[in-house]
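Engineer: coords please:
(one chain, ligands or ions: 1)
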Amino acid sequence: MNLSPRLKRIADFVPNNSIVADVGTDHGYVPKYLIDKGISKLVIATDISKGSLQKTVDYIREENLEEEITTRLGDGLEPILPFEVDTLIIAGMGGLLIAEIMSKFKETSRSINTLILQPMVGSPELRKYLLQNHFRIVDEDLVREGDKFYEIIVAKTGLQKFDKELDYEISPVMLKKNSPVLREFVEIKIKMNESVIEKLRNSTGEKSMSRLLELEKIVKDYREVFSK
Ligand SMILES: C[S@@+](CC[C@H](N)C(=O)[O-])C[C@H]1O[C@@H](n2cnc3c(N)ncnc32)[C@H](O)[C@@H]1O
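Structural biologist: Numbering: from 1, shown residues only. Now for the predicted structure:
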């Protein structure tokens, strides 16, 4: 089966011989790919929605993969025991929701060796959560599908410090890769921030002012990164 570029890149980060939890699996495409390619020995596919999980249940039954892929209904990491899996995938959710799931089920999230996280929004907030909670970002990638960009963050437990606010927007590991889509991604980010800055200029209040200054600094830093 052919995965979309986003899902393929997520699957590429999964270590060989892994036991994986795919939380919020929905369609179950990644679990099937991991088993088909012999990357994983066992995948636990979970979802909070009965309807979504049913898609995976039906799919793996059709594909005869019921021994290798287990399905479990539940919120976040609730259906997974600490140390039950070595790799975690949480993809296609907001960064704050991903952080909330990790924080709600700390014992399990800290017992996992490799966390592959793909936030749809709120990636800076997720990076902040990771570093503030003794996780380190070991790898990242940026995938483009049509006009959409997807950030994939790979984390492990450990300590890491970022020097500046911009590191939470574009992590140093991503910057080092100098990926061809990064510049385009940053240009879009600058445009989005500039439109928020314009709106904030017309508002009053301490909060708006401090957000305005913060965004102006981020835009300046973005520009500096690529002018070097
Ligand atoms: C947009 S889909 C993403 C599906 C797949 N992971 C992907 O990246 O293509 C999000 C899925 O996450 C599930 N979900 C949302 N909140 C969840 C939670 N707290 N725990 C488990 N699954 C959740 C939804 O039911 C939905 O099936």
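
Engineer: these two touch, right, residue 90 and residue 126?
Structural biologist: No - under the criterion of C-beta atoms under 8 Å, residue 90 is not in contact with residue 126, lying 9.8 Å apart. Every residue, glycine included, has its C-beta placed from N, CA and C.

Engineer: buried residues, the helix or strand where residue 8 lies. List them.
Structural biologist: Using DSSP states H and E, the element containing residue 8 is helix 5-12. Within helix 5-12, the residues that count as buried by 16 or more other C-beta atoms under 10 Å are 6, 7, 9, 10, 11.

Engineer: state the mean pLDDT of it.
Structural biologist: Helix 5-12 shows a mean pLDDT of 98.

Engineer: which of the helices or strands spans residue 54?
Structural biologist: If you go by DSSP H and E, residue 54 is part of helix 50-62.

Engineer: before we move on, what about residue 153?
Structural biologist: Going by DSSP H and E, residue 153 is part of strand 148-157.

Engineer: alpha carbons only: can I get the helix holding residue 54 in PDB?
Structural biologist: Extracted in PDB, the C-alpha atoms of helix 50-62 (Å, rounded to 0.1, in the frame of the first residue of the first chain):
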ATOM      1  CA  LYS A  50     -15.700   4.200  18.500                       C
ATOM      2  CA  GLY A  51     -16.500   5.000  14.800                       C
ATOM      3  CA  SER A  52     -12.900   5.800  14.000                       C
ATOM      4  CA  LEU A  53     -11.500   2.700  15.700                       C
ATOM      5  CA  GLN A  54     -14.100   0.600  13.800                       C
ATOM      6  CA  LYS A  55     -12.500   1.700  10.500                       C
ATOM      7  CA  THR A  56      -9.200   0.100  11.700                       C
ATOM      8  CA  VAL A  57     -11.000  -3.000  13.100                       C
ATOM      9  CA  ASP A  58     -12.700  -3.600   9.700                       C
ATOM     10  CA  TYR A  59      -9.500  -2.800   7.800                       C
ATOM     11  CA  ILE A  60      -7.200  -5.200   9.700                       C
ATOM     12  CA  ARG A  61      -9.900  -7.900   9.600                       C
ATOM     13  CA  GLU A  62     -10.000  -7.600   5.800                       C
END
